[in-house]
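Novice: Pasting the sequence and the predicted coordinates here, then a few questions.
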Amino acid sequence: MTERIIPLISHCKQEKISISLLLSSLRLIEKGLIRKQSELNEYLKRRAKYEPRILKDIEKVERLIVESNIIK
């Protein structure tokens, strides 16, 4: 999975997307706590509720994860 994460991180750096949001999402996926796109969406919505500054990054992070085929 590491080889797929590095390009995602570099994309986040280029687009100025929250890397911590990406990494925390990927960590939960790796642990098996998030298995579906709907679960990822719910997690990201909860994160946005507590951290409103990342609201704009949520859709981008979700799109990156889904497009990289890490989650379906």
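Specialist: Everything's here; your move.

Novice: To what extent is residue 38 buried, counted in neighbours?
Specialist: If you count neighbours by other CB atoms under 10 Å, residue 38 ends up with 9. To be clear about C-beta, it is placed using only N, CA and C from the backbone, and glycine gets the same treatment.

Novice: pLDDT averaged over the helix or strand containing it, what's the number?
Specialist: Assigned by DSSP states H and E, residue 38 belongs to helix 37-50. Averaging pLDDT along helix 37-50 yields 93.

Novice: May I have it exported as CSV, CA atoms only?
Specialist: C-alpha atoms of helix 37-50 as CSV (Å, rounded to 0.1, in the frame of the first residue of the first chain):
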residue,chain,number,x,y,z
GLN,A,37,-16.9,4.6,0.1
SER,A,38,-20.0,5.4,2.2
GLU,A,39,-18.1,4.7,5.4
LEU,A,40,-15.3,7.0,4.2
ASN,A,41,-17.8,9.7,3.4
GLU,A,42,-19.3,9.4,6.9
TYR,A,43,-15.9,9.6,8.5
LEU,A,44,-14.9,12.7,6.5
LYS,A,45,-18.2,14.4,7.4
ARG,A,46,-17.6,13.8,11.1
ARG,A,47,-14.1,15.2,10.8
ALA,A,48,-15.4,18.3,9.0
LYS,A,49,-17.8,18.9,11.9
TYR,A,50,-15.0,19.2,14.3
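
Novice: Alright, I will stop here.
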